[in-house]
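>>> When you get a sec, could you give me coordinates for this:
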Amino acid sequence: MSIRVESDMHRRRRSQNIGVAVCLVLFIGLVMVLSLVKITNSGPVEGYDHAPRPALADEVSQ
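Alright, predicted model coming up:
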């Protein structure tokens, strides 16, 4: 039989830890949602490889 005394300090720390955990979960969820939206709404991806891209050359010449 263990004696467990929970003081006011323990309750405050627990509530702060829960608050930080909720904030972390919300931040991770926000980053995931933004990433998914960016991936699904983006058009064709062209990387920058120091080579001329015909798609951009046509737009500039018009």
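
>>> State the number of residues packed around residue 23.
Applying other C-beta atoms under 10 Å, we find 10 other residues in the vicinity of residue 23. No exception for glycine: its C-beta is placed from N, CA and C like everyone else's.

>>> All the helices of the protein, residue numbers only.
Using DSSP state H, the helices of the chain run over 8-41, 54-61.

>>> got these as a markdown table, with mean pLDDT columns?
Listed next are the helices of the chain as a markdown table, based on pLDDT from 0 to 100:
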| stretch | mean pLDDT |
| --- | --- |
| helix 8-41 | 93 |
| helix 54-61 | 63 |
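
>>> ranking those by burial, who's on top?
helix 8-41 (a mean of 10; mean count of other C-beta atoms under 10 Å).

>>> Give me the packing partners of that one, helices and strands only.
Helices and strands touching helix 8-41, by 3 or more C-beta pairs under 8 Å, 6 or more residues apart in numbering; DSSP states H and E: there are none.

>>> Any idea how far it is from the middle of the chain?
10 Å (C-alpha atoms, centre = their mean, to the nearest Å).

>>> Also stretch 29-47?
Per C-alpha atoms, centre = their mean, the centroid offset for stretch 29-47 relative to its chain is 11 Å.

>>> same check, this time on stretch 6-23
24 Å.

>>> Output it as PDB - backbone C-alpha positions only.
Provided in PDB are the C-alpha atoms of stretch 6-23 (Å, rounded to 0.1, in the frame of the first residue of the first chain):
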ATOM      1  CA  GLU A   6      -1.100  15.000  -4.600                       C
ATOM      2  CA  SER A   7      -0.300  18.600  -3.800                       C
ATOM      3  CA  ASP A   8      -1.500  21.700  -5.600                       C
ATOM      4  CA  MET A   9       1.900  21.900  -7.300                       C
ATOM      5  CA  HIS A  10       1.400  18.400  -8.900                       C
ATOM      6  CA  ARG A  11      -2.100  19.300 -10.200                       C
ATOM      7  CA  ARG A  12      -0.800  22.600 -11.700                       C
ATOM      8  CA  ARG A  13       2.100  20.800 -13.400                       C
ATOM      9  CA  ARG A  14      -0.200  18.100 -14.700                       C
ATOM     10  CA  SER A  15      -2.600  20.600 -16.200                       C
ATOM     11  CA  GLN A  16       0.300  22.500 -17.800                       C
ATOM     12  CA  ASN A  17       1.700  19.300 -19.200                       C
ATOM     13  CA  ILE A  18      -1.700  18.400 -20.600                       C
ATOM     14  CA  GLY A  19      -2.000  21.900 -22.100                       C
ATOM     15  CA  VAL A  20       1.400  21.500 -23.800                       C
ATOM     16  CA  ALA A  21       0.500  18.100 -25.100                       C
ATOM     17  CA  VAL A  22      -2.800  19.500 -26.600                       C
ATOM     18  CA  CYS A  23      -0.900  22.300 -28.300                       C
END
